[in-house]
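Colleague: sequence first, predicted coordinates after that:
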Amino acid sequence: MLHIITSPSNLILPLLLAVILFLYPVPETGIIRNVVFLSILTLLALTLRHNTGIHKVHVDTSNKTSRYPIILLLALTGWLFFQTAIFGADKPESFNNLLEEWILGGIIFVWLTWNIAKVTNTGTELDNGSTLITLMTAAVFFHVIWLFWYQIPIWQSSGHYPYGSTPYAQRDFTSFPINLAFIIFIADLSSHITLKKRILVIPLWLSTAFLLLSTAAIIAVHTRNGVLSAVTALLLLAATIGYKLWCDKRRNTALAMFVMSFAMITVLAVSTINTDGRWAGLWETIEVSTDVENNKAWLDSGKYPYPKTKSGATVDASAYLRIAWGSVAIEGIKQHPLGYGYGLGALGKYIEEEYGRKGFVSSHSGLLDFTLANGIPGAILWLIFSASLLWSGWLLFIRGNPFGLLLILMLANFFTRTVLDGHFGGFRFKMFALFMGAIFYLAIYSARDDANAD
C-alpha cells in the first residue's frame, strides 16, 4: 500500500513535481510548467523556512561518495563560465544558454529535488523518499500507458501494429520518459533481489508488470537509441549486481540475474531488429556517412543526393545524417579544441564558418555538441564528474543502499543517450536533473536528529 506523507505541504510538493515531469516531454505546456515550477519554489521556500535544520545529510568524507561529485560539478560549472567568457563566439547568446539550461535546468533543478527529498524524508528509514520516487516514476510511466492507449486502437482498426507512432511530437520525445520508467523498475526489482530492499512503494508484482510494459514500450516507440541505452543499462546492471551477489556467495542468484539481464537484452534486440528495418545495412551506412567531403547530402540534401551503400541501396537518412553531422562535429573539435561557448548551436557556428551554410544547430550527439561548445577540457570534466557519480553509486550500493544502484543506472541511461542523441539541453536534461537531485540525496542519506547531533 502506498505510504502517504503526513504533512500536507510534503505531499503537495511531490505531486507538483510529478506534474512537471509528466508535462516536460509534451509540447506547448510551457506556461503550465512555469506556473507549477513557481508554485514548487514558493512552497519549498516556506517549508524550508519552517523546518530549518531538521534533516541533515551526514556527508561521509572518508569514502568521498558525495564530496567529489559536488566538487567536480562546481569545477565543471566554473569552467563553463570561464570558457564562455574567454572563448565564446557569441557571448550574450552563450551566457543566456548557460544560465537557462545549465544553471536553471541543471543546478537549480538538482537543488530543487534534493530539498524536496530532504523535507519529505521525515523518518530514519527511506519510506518517504521511496514515496517521492514512486510519484516521480508514475509521472514518466504514464507515457507508457499513453503510448499504448494511442497505438492499440490504430492496430485494431488497421490490422498492422503502428510501431513508432506517438500521441504527441516525435518518437524521441516519448522515448525518453519511457526509458526513465524502465530504468527505475529494473532497479527496483534488482534491489529487491540483491539487497532485499525496495526503491518503490508499490507491490513487487505491480512493479514487475510495469517493467514488462515499459520494455514493450521501448520496442513499440521504435527508437534505436532508446533500445541501445536500455541495453547499456542492462549490461551495467548485470556486471554490478552480478559482482555484488558473487562476492556475497549467492552465486546461483548471480547467475540467475545474468540470465535475466541477457534475456531482456535478447528480447529487445530481436524484437527491434524484426520490427525496425533501419537496422539492416546500418554498418554499410556508417562506412559511407563518415566520408563527409565526398558525400555532402548532410550539408544540403536538395543539392546533393543521398549516397548509396556498397550493396547499391540508398542509405538510411536518419542514420546517415547523424553519423555525418557527428563526423563534422569531430572535425570542428579538432580545429576548435577550446570550443565556441555554451549552447546547442556550436555545430551550426562551425558549419557556417567552414562551409558557409546557415541553419544547422545540433550534431544530434549531445556529447559532441557539448565538447564543441565547451572545449575538450569541458568534456573531460564532464566525463570525470560522471565517473565520480558512478563510483559513488557503486560504493553506496555495495553498502546496501538501493538508491546507489538507481544512481548508476539513471546516469548510464542518460550518458548513453547523450552520445547518441542531442540530450544536453531541453526537456531531457531538465528531467534528468530533477531525478538526479532526489536520487543523489537518497543515495547518501543518513538521518540525524539535531538534538543527538548537538
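Modeller: All right, it came through fine.
Colleague: in the stretch 151-300 of the chain, where is pLDDT below threshold?
Modeller: Scanning the stretch 151-300 of the chain for pLDDT under 70 picks out 276-281.
Colleague: any idea how far residue 225 is from residue 48?
Modeller: To residue 48, residue 225 is 38 Å away according to CB to CB, to the nearest Å. Bear in mind the C-beta positions are built from the backbone N, C-alpha and C, glycine included.
Colleague: what about the two, which has more around it?
Modeller: Each of residue 225 and residue 48 has its neighbours counted (other CB atoms under 10 Å); residue 225 has more, 20 against 14.
Colleague: a helix runs through residue 310, doesn't it?
Modeller: No. Residue 310 sits outside any helix when classified using DSSP: H, G, I helix; E, B strand; the rest coil, being coil.
Colleague: I'd say it and residue 283 touch.
Modeller: No. Between residue 310 and residue 283 there is no contact under CB atoms under 8 Å: 10.0 Å.
Colleague: for stretch 234-247, list the C-alpha coordinates in PDB.
Modeller: Written as PDB, here are the backbone C-alpha positions of stretch 234-247 (Å, rounded to 0.1, in the frame of the first residue of the first chain):
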ATOM      1  CA  LEU A 234      21.200  -3.900 -18.600                       C
ATOM      2  CA  LEU A 235      24.800  -4.700 -19.300                       C
ATOM      3  CA  LEU A 236      25.900  -2.400 -16.400                       C
ATOM      4  CA  LEU A 237      23.200  -3.900 -14.200                       C
ATOM      5  CA  ALA A 238      24.400  -7.500 -14.900                       C
ATOM      6  CA  ALA A 239      28.000  -6.500 -14.100                       C
ATOM      7  CA  THR A 240      27.100  -4.500 -10.900                       C
ATOM      8  CA  ILE A 241      24.700  -6.900  -9.200                       C
ATOM      9  CA  GLY A 242      26.400 -10.000 -10.500                       C
ATOM     10  CA  TYR A 243      29.600  -8.900  -8.800                       C
ATOM     11  CA  LYS A 244      27.800  -8.000  -5.600                       C
ATOM     12  CA  LEU A 245      25.900 -11.300  -5.400                       C
ATOM     13  CA  TRP A 246      29.100 -13.300  -6.300                       C
ATOM     14  CA  CYS A 247      31.000 -11.600  -3.500                       C
END
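Colleague: pull the residues that contact it.
Modeller: If you take CB atoms under 8 Å, 6 or more residues apart in numbering as the criterion, stretch 234-247 is touched by 186-187, 190, 193-194, 251, 253-254, 257-258, 261-262, 264-265, 268, 394, 397-398, 405, 408-409, 412.
Colleague: make it 6 Å
Modeller: Contact partners of stretch 234-247, identified using CB atoms under 6 Å, 6 or more residues apart in numbering, comprise 190, 194, 253-254, 257-258, 261, 264-265, 398, 412.
Colleague: let me know the closest of those residues to residue 336.
Modeller: Nearest to residue 336 among the contacts of stretch 234-247 is residue 412, at 29.2 Å by CB to CB.
Colleague: quick check, pLDDT for the closest one.
Modeller: Note on residue 412: pLDDT of 93.
Colleague: and for residue 95, nearest residue in space, chain neighbours not counted?
Modeller: The spatially closest residue to residue 95, leaving aside those adjacent along the chain, is residue 84, at 6.0 Å (CB to CB, 6 or more residues apart in numbering).
Colleague: in which helix or strand would I find that neighbour?
Modeller: According to DSSP states H and E, residue 84 maps onto helix 67-87.
Colleague: can you mark which positions in that helix are buried?
Modeller: By 16 or more other CB atoms under 10 Å, the buried positions in helix 67-87 come out as 67-69, 72-73, 76-77, 79-81, 83-84, 87.
Colleague: which two in the residues you listed are spaced the farthest apart?
Modeller: The span of those, defined through CB to CB, is set by 67 and 87 at 29.6 Å.
Colleague: can you count the residues close to residue 243?
Modeller: 13.
Colleague: pLDDT weak spots in the stretch 301-450 of the chain?
Modeller: 446-450.
Colleague: and the helices in the stretch 201-350 of the chain?
Modeller: For the stretch 201-350 of the chain, helices defined by DSSP state H, counting those that start in this stretch occupy the ranges 204-221, 224-247, 251-275, 282-289, 317-335, 346-355.
Colleague: export those to TSV and tack on distance to residue 142?
Modeller: Listed next are the helices of the stretch 201-350 of the chain as TSV, based on distance: least, CB to CB, whole Å:
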stretch	distance to residue 142
helix 204-221	11
helix 224-247	17
helix 251-275	22
helix 282-289	32
helix 317-335	27
helix 346-355	34
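Colleague: between the ones you listed, which gets nearest to residue 120?
Modeller: That would be, of those and by CB to CB, helix 204-221, which comes in at 20.4 Å.
Colleague: angle of that closest one against helix 224-247?
Modeller: 150 degrees (axes from the mean of the first three to the mean of the last three CA atoms, to 10 degrees).
Colleague: for helix 204-221, which positions count as buried?
Modeller: Buried residues in helix 204-221, counting neighbours by 16+ other CB under 10 Å, are found at 207, 210-211, 213-221.
Colleague: looking at these, which is nearest residue 146?
Modeller: Out of those, the member with the shortest distance to residue 146 (by CB to CB) is residue 217, at 9.6 Å.
Colleague: ok, that closest one to residue 21 distance?
Modeller: Applying CB to CB to residue 217 and residue 21 gives a distance of 17 Å.
Colleague: over to residue 187?
Modeller: For residue 187, the distance to residue 21 - CB to CB - is 17 Å.
Colleague: so between these two, which is more surrounded?
Modeller: Each of residue 187 and residue 21 has its neighbours counted (other CB under 10 Å); residue 187 has more, 29 against 26.
Colleague: host element of the more buried one?
Modeller: Assigned by DSSP H and E, residue 187 falls within helix 171-195.
Colleague: what residues are up against residue 84?
Modeller: In this structure, residue 84 makes contact with 94, 98, 341-342, judged by CB under 6 Å, 6+ apart.
Colleague: farthest-apart pair in the residues you listed, please.
Modeller: Within the contacts of residue 84, 98 and 341 form the most distant pair, 8.2 Å apart (CB to CB).
Colleague: and residue 452, what pLDDT?
Modeller: pLDDT at residue 452 comes out at 38.
Colleague: same deal with residue 68?
Modeller: So residue 68 comes in at 87 (pLDDT).
Colleague: same check on the one 3 residues further on?
Modeller: According to the prediction, residue 71 has pLDDT 91.
Colleague: how much space separates it from residue 258?
Modeller: On the measure of CB to CB, residue 71 and residue 258 end up 35 Å apart.
Colleague: pull the distance from the helix holding residue 187 to the chain's centre.
Modeller: 11 Å (CA atoms, centre = their mean, to the nearest Å).
Colleague: now do stretch 304-322
Modeller: 29 Å.
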